[in-house]
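Asks: 3D model of this:
(chains A, B, C, D, E and F)
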Protein chains: 6
Amino acid sequence: MQGYHYPCFNVTSPIPDVCLVLVQSDRKLNTFTEAMRRDFRRLITRLSDDSQVRAIVIAGAGDHFTAGLDLQEAMKGPILSGVDRTIDPARKARINREYILDFQACVDVVERCVKPVITALHGLSYGLAIDLACCADMRICAANTRFCVKEIDIGIAADLGTLSRLPRMVGNASFVRDVCLTGREFSAQEAAQVGFVSYVEETRERAIDQAVEIAGQIAQKSPVAIQGTKDILNHARDHPVGESLRYTAVWNGAALQTQDVKEAMLSFRLRKMPTFEKL
Amino acid sequence: MQGYHYPCFNVTSPIPDVCLVLVQSDRKLNTFTEAMRRDFRRLITRLSDDSQVRAIVIAGAGDHFTAGLDLQEAMKGPILSGVDRTIDPARKARINREYILDFQACVDVVERCVKPVITALHGLSYGLAIDLACCADMRICAANTRFCVKEIDIGIAADLGTLSRLPRMVGNASFVRDVCLTGREFSAQEAAQVGFVSYVEETRERAIDQAVEIAGQIAQKSPVAIQGTKDILNHARDHPVGESLRYTAVWNGAALQTQDVKEAMLSFRLRKMPTFEKL
Amino acid sequence: MQGYHYPCFNVTSPIPDVCLVLVQSDRKLNTFTEAMRRDFRRLITRLSDDSQVRAIVIAGAGDHFTAGLDLQEAMKGPILSGVDRTIDPARKARINREYILDFQACVDVVERCVKPVITALHGLSYGLAIDLACCADMRICAANTRFCVKEIDIGIAADLGTLSRLPRMVGNASFVRDVCLTGREFSAQEAAQVGFVSYVEETRERAIDQAVEIAGQIAQKSPVAIQGTKDILNHARDHPVGESLRYTAVWNGAALQTQDVKEAMLSFRLRKMPTFEKL
Amino acid sequence: MQGYHYPCFNVTSPIPDVCLVLVQSDRKLNTFTEAMRRDFRRLITRLSDDSQVRAIVIAGAGDHFTAGLDLQEAMKGPILSGVDRTIDPARKARINREYILDFQACVDVVERCVKPVITALHGLSYGLAIDLACCADMRICAANTRFCVKEIDIGIAADLGTLSRLPRMVGNASFVRDVCLTGREFSAQEAAQVGFVSYVEETRERAIDQAVEIAGQIAQKSPVAIQGTKDILNHARDHPVGESLRYTAVWNGAALQTQDVKEAMLSFRLRKMPTFEKL
Amino acid sequence: MQGYHYPCFNVTSPIPDVCLVLVQSDRKLNTFTEAMRRDFRRLITRLSDDSQVRAIVIAGAGDHFTAGLDLQEAMKGPILSGVDRTIDPARKARINREYILDFQACVDVVERCVKPVITALHGLSYGLAIDLACCADMRICAANTRFCVKEIDIGIAADLGTLSRLPRMVGNASFVRDVCLTGREFSAQEAAQVGFVSYVEETRERAIDQAVEIAGQIAQKSPVAIQGTKDILNHARDHPVGESLRYTAVWNGAALQTQDVKEAMLSFRLRKMPTFEKL
Amino acid sequence: MQGYHYPCFNVTSPIPDVCLVLVQSDRKLNTFTEAMRRDFRRLITRLSDDSQVRAIVIAGAGDHFTAGLDLQEAMKGPILSGVDRTIDPARKARINREYILDFQACVDVVERCVKPVITALHGLSYGLAIDLACCADMRICAANTRFCVKEIDIGIAADLGTLSRLPRMVGNASFVRDVCLTGREFSAQEAAQVGFVSYVEETRERAIDQAVEIAGQIAQKSPVAIQGTKDILNHARDHPVGESLRYTAVWNGAALQTQDVKEAMLSFRLRKMPTFEKL
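Replies: Numbering: from 1, shown residues only, chains lettered A, B, ... in the order given. Alright, predicted model coming up:
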């Protein structure tokens, strides 16, 4: 796609209105560097505002979605470079806290993106891969995917979102604690069984194709309805049902005034494909 | 059952203390009209207060549970009749908002009903069918059921409860977003797999039989315990665990004073069936 | 383990840093007495504070995990001894309420324990067994386990936590209402399918072995990371994602300053097993 | 006003778009009967929907606003008629609970009314008077007003809203507990000092005049803006600031499209009084 | 009062059913030691359970209510004894956190006490004095009281409750931030003006007398109603109005069944003083 | 201050560690333009990160703090330029919503700023002035200040924060609704009485001096304690007390490890002024 130039993200539009973002790090195992997370934030924020885009697929280039944060680099950085006895622990805590909040915000953009985002995972999908996937609307994976909430193995409670989001996404609290506390790998099959992914495809290519196809279906719907559905689902996750219903009514007070309803109904009656104005 | 006369709802009592409500619209595909939703609200509200009734089954008459709202009628109504450029958008928003809140309340009665409600679905179960099923305590379906969160296809973010409730009921967030954003059908089998229904029966008749049988088991329990369990489960869904525990303790402060506990324990010791006073 | 002497709980350390608590009541079916629940509270509270212990397994001795509360005793107690017409209902309500809150706190210690707790269930696992299992971090069971939310059959809405916690732990709301309202048994297999347990083992011994092995893996991780992960997961269950993220950032502001991260990274590079100071 | 005929409520329109409701019970001290609370609910609900009305004043006829619930009648009713040892305490609890919820809903209509409501109090303003005043948007009183949270003196924790709302409305938690726990009277002056009322007028007539005048000012504003302000303030009371801001943005997404903004701005420039279409 | 022997708390019953607790530390300025906070927790917990007591007054012996925590002692303790560079900051954080939580619980007993608690303050009322006063139901002070949120001056964000509770108790957010951020003293008069205390008396003795008198009035009310009112007010502070109303209805479902209502009404009619059974 | 160059904001440091921001618009009545709100966001965000700054004062240059948003400009903009019948109301709603959210974020920076912010108001303080003041930690005003929640007069429910924050800041709900619904002015004296400002000074100069002096006192405290106090107070406003206490304990787990406590205590003993490292 024109104008989207980021060294480690390949941005294309395989079908109209759909954007495919391929993670292609310059590091081994497709790990994320500091520069990449900043670019990622900018990229997804721009796509959220780009009215040419109606649905987004995020996938990995090469053999792995991503093995997570680039530890080589991280170990030189301010957070993981080891204990510095000369710094005041309270002042160090502020540095850590703000670093984490900033990094969380880089991941959060996927959830905040007003268009639906589908992740297609494959190969190593460790640490940050899970954080990102948890922010996406849908998760599809290749049969060879190896998932892992890896943070526990470097002495860290995962702080980029997995512990906050994963328990609400799958229907097996015992599984969640298992993988978060032991740091064990889990397979595509297990991921499907517990409800973490909704489709397992044979290969990376097939997983991406499936993601793009679903994104294409979504892109053909009314963007007013699609963005409303995503926003209301995001809101519903964090609120009691009564509040969610009220919020929905206020939202649809405006949204139902769209021309798209008329267009959809007319097309339905005429058995033709509706066309919706961009949003 | 005596006194329950509604043109589009057939209300019977197949076994003692259990009420079976059959949806039988005068429209094609058993769709819901304005009049029906008003009657439905009155009917379920009355059943909630009727001490003769201890458990309720809702099912569809004919070939389909319901294909949802009657669009023919809706397109003539104030909400979906198209964009009226002469009305002030803010004033129109109020009309829409209040219409939605009122309709939500018509669906909500199933959740607010103090007795357990089981839905037995079959055939087309589109749109409003999902909203209703999400308010019920249990969901059973026939093998031929075709589920669909259809609203997206008419340019609307579903606003009668599905987006608010479905994500908390099944253990697969990716599936939820999939069916809500694509509007694709899903089968009885898939519904069972993701945890939306807990029994799939071969036919509509078998599904209703199974629902009535479970309703019958529930009707034989202490109504104090049953209604308390439903109320506490409703409350638990919308509150942190600590608050839910406190609420439960306050509730049971009174409920444990019931004669039913004594009756239940005595019957247990005498190996006879307990009989509980109505509530 | 030295110093842990409770008549009905056998406390051992099968492998380093792991504690195994066997419930061995002096009643039939391994039921819990008043004295036992008090001891249980003290025991788990002490284990939570014991820096020698890094993970805990709770299992049952004999043929059953537990059939729940000892009803023989309970029927003589102040709560279930029947209706006393001479006591003021409001004053009786206070007695009941405080009794329930106190009992809830006895169960709650498992959730509040700062170390991960795994339950290994087998045989009859009724009533209180479910309450306890819902507080644990992980659930493993033997193939012969017979689960039951039994309270409904003695005229009571379960008030020790099952109604509050179970719906958030499994991905099938219809199943939850089914077993809570009908009091029907469910099998190990069904428990696995709905996501209540994450491993089903052939026998009680194998279930305990598996639980101990996982506990052992957990015990080898950084206790700073493990306890942080448990605390953050507990917090996440009860809060919106945004709040959970902020809480996590504040938590890790201190936790990331641990030596354990350096130890973990160094060991990783040297391909040796890290050793972490106790916490 | 035409069509508003209720035996104990005198409904007039002292100035255009403003409705004045005078409580005139057929009991001593202007106490509320069962019939009155039902009528009150119907009346306020209708006024909320009546587009001729833009602001409402509620005041008392005669010497007192109201001394609260009519105890003579209440003592014959199902709730306060004394302890009935033959009824199951758990079943009695349900009757009480539903009675309270229904009565709360009768009071709640003032808060839910989409138009601003001002109460003008005078003379005895006991019990229910405080509940009602707490639901109103503004409180004005005559110098002779005698306020009292009276429920404690009949052995009851006030359950119609005062305990829920009063603490959020005044800036003195110690005062709130004082008057709720001792049931002591407090004067107009004290009410003004702690922030319970915002104007104290010399006489009942002056208090009503002042209320009507403010109502008149409100009635001249854009009803889109007025109703939005009330709804957002109601929402803000019960939500964290972040959620309130988001809700406001969604609400104003539609509301800012109103013609009223243009009319207001134009009038401002032309220094004339704007006229707003009804809502 | 018999059986209440604590070295630093003088426990008497100046009038029937009312308990007066005088803080009399063995340190200068009546400061709190570690031993005192433990005793305080035990004392108030016992008073909460003692059915002879219906209302409690807490005041200071000597010249000051309390200047807060005993810093001499605290500086030797694990928390404030200075930075220990040899301890792992994450492990130290756990020690701090658990210490704070334990101390918070010692203060919290005043709020959790089921009977109303009135504090009568005088002289220096610094730090912990504010924390304690914020947990009480009412605050009365002598004219010579010197209040101060002192923690900021020893480099600490106040963590025993003042920052959590004070903003909800007074109606001046600017004042709250002022005194919390500058650590400046404020007088009895200013405390009255912003709503922190509800009575200012000339002397310590008069303040205690006034507190005891109000406690005496409370002690003559129905304990069912009093304890219900306190519990519902505590709940209301932390919940939206809608939830508070529901909780109240569930609570009063049992509470309205008390004999006390009948006794209160009968006494009212006979113009005699009612007598209520203890609770 | 060096490096802070914004055309409409004069940024100086009147005393060490304190920053004074003077609003000096190029429009009449010191109104805010689009460019100004963007600059304001950048400016406050930078000050929040600037370790040279420990407390901030915001005041107005010239005769008025600000009369609010520049309506001349706003009427040409996308939001208030009048109803455009050609745009889809649902699409227009998104534009409005995102505009409001973005503007809210520009105001929000004051609340999010990690250092305390004091506003010193004078002259016209309309609309946006109230929004900004509500985000500040303290409010001081000159005797000539004329406050007004002006939005209602241009047909808008105030959406930049006043409706969300004001009710939690003052202790008079009736006053809040009065000024928000009538749009009437209120004086410095009334603002002081209801608790909106905590100091009224004779002139603008005196108000700024007082603000700077208090800021200076704050700047001399431990920045660890100051920033912790602000963060915990912000959190407390939006959370139940129990959660606030837990959050505080986690926060102070790190913060108590600061050297500042030792420095503060030592200085206290030596009766000298402590000096704290920047943060």
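
Asks: hey, let's count contacts and neighbours off CA atoms from now on
Replies: Fine.

Asks: Check whether the helix or strand containing residue A:269 comes near chain D.
Replies: Element membership for residue A:269 (DSSP states H and E) is helix A:259-270. No - using CA under 8 Å from any CA of the partner chain, helix A:259-270 stays clear of chain D, with a minimum separation of 15.0 Å.

Asks: Which elements pack onto that helix?
Replies: Contact partners of helix A:259-270 among helices and strands, from 3 or more CA pairs under 8 Å, 6 or more residues apart in numbering or on different chains; DSSP states H and E: none.

Asks: Just the C-alpha atoms of that helix, please, in CSV.
Replies: Output in CSV follows, covering the C-alpha atoms of helix A:259-270 (Å, rounded to 0.1, in the frame of the first residue of the first chain):
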residue,chain,number,x,y,z
GLN,A,259,-27.9,5.2,4.8
ASP,A,260,-26.3,1.8,5.0
VAL,A,261,-29.4,0.2,6.5
LYS,A,262,-31.5,1.3,3.5
GLU,A,263,-28.8,0.2,1.1
ALA,A,264,-28.5,-3.2,2.9
MET,A,265,-32.3,-3.8,2.9
LEU,A,266,-32.7,-2.8,-0.7
SER,A,267,-29.9,-5.0,-1.8
PHE,A,268,-31.3,-7.8,0.2
ARG,A,269,-34.6,-7.5,-1.6
LEU,A,270,-33.0,-7.1,-5.0
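
Asks: got the contact list for that helix?
Replies: Identification of contacts with helix A:259-270 by CA atoms under 8 Å, 6 or more residues apart in numbering or on different chains yields A:222, A:224, A:273-277, B:80-83, B:153-156, F:88.

Asks: which phi and psi does the closest residue to chain C within the stretch 151-279 of chain A have?
Replies: Of all residues in the stretch 151-279 of chain A, residue A:171 sits closest to chain C, at 3.6 Å by CA to the nearest CA. Phi and psi for residue A:171, reported as degrees, to the nearest 10, are phi -100, psi 50.

Asks: And the residue of the stretch 101-250 of chain A found nearest chain B, how close does it get to residue C:164?
Replies: The stretch 101-250 of chain A approaches chain B most closely through residue A:171 (3.6 Å), counting by CA to the nearest CA. Going from residue A:171 to residue C:164 by CA to CA, to the nearest Å gives 16 Å.

Asks: re the thing from before, from chain E, how far off is the residue of the stretch 101-250 of chain A closest to chain B?
Replies: Here the criterion is CA to the nearest CA, to the nearest Å. By it, residue A:171 lies 28 Å from chain E.

Asks: So that residue is in contact with residue C:167, correct?
Replies: No - Residue A:171 is beyond contact range of residue C:167, at 9.5 Å (criterion: CA atoms under 8 Å).

Asks: More neighbours: which of the two?
Replies: For residue A:171 and residue C:167, the more surrounded residue by other CA atoms under 10 Å in any protein chain shown is residue A:171, and the numbers stand at 33 against 23.

Asks: Quick one: residues contacting the closest residue to chain D within the stretch 101-250 of chain A.
Replies: Closest to chain D within the stretch 101-250 of chain A is residue A:250: 6.1 Å, counting by CA to the nearest CA. Residue A:250 makes contact with B:93, B:97, D:250-251, according to CA under 8 Å, 6+ apart.

Asks: so how far is the helix or strand where it lies off the chain centroid?
Replies: Per DSSP H and E: residue A:250 is located in helix A:241-255. The chain centre lies 25 Å from the centre of helix A:241-255; the measure is CA atoms, centre = their mean, to the nearest Å.

Asks: quick check: angle from it to helix D:241-255?
Replies: 30 degrees (axes from the mean of the first three to the mean of the last three CA atoms, to 10 degrees).

Asks: For helix A:241-255, buried residues please.
Replies: Buried residues in helix A:241-255, defined by neighbour count with 16 or more other CA atoms under 10 Å in any protein chain shown: A:241, A:243-255.

Asks: Between the residues you listed, which sits nearest chain E?
Replies: For those, the nearest to chain E is residue A:243 (11.1 Å; CA to the nearest CA).

Asks: In contact with that closest one, which residues?
Replies: Neighbour list for residue A:243: empty [criterion: CA under 8 Å, 6+ apart].

Asks: what do you get for residue A:54?
Replies: Applying CA under 8 Å, 6+ apart, we find residue A:54 in contact with A:17-19, A:115-116, A:218-219, A:223.

Asks: All set, thanks.
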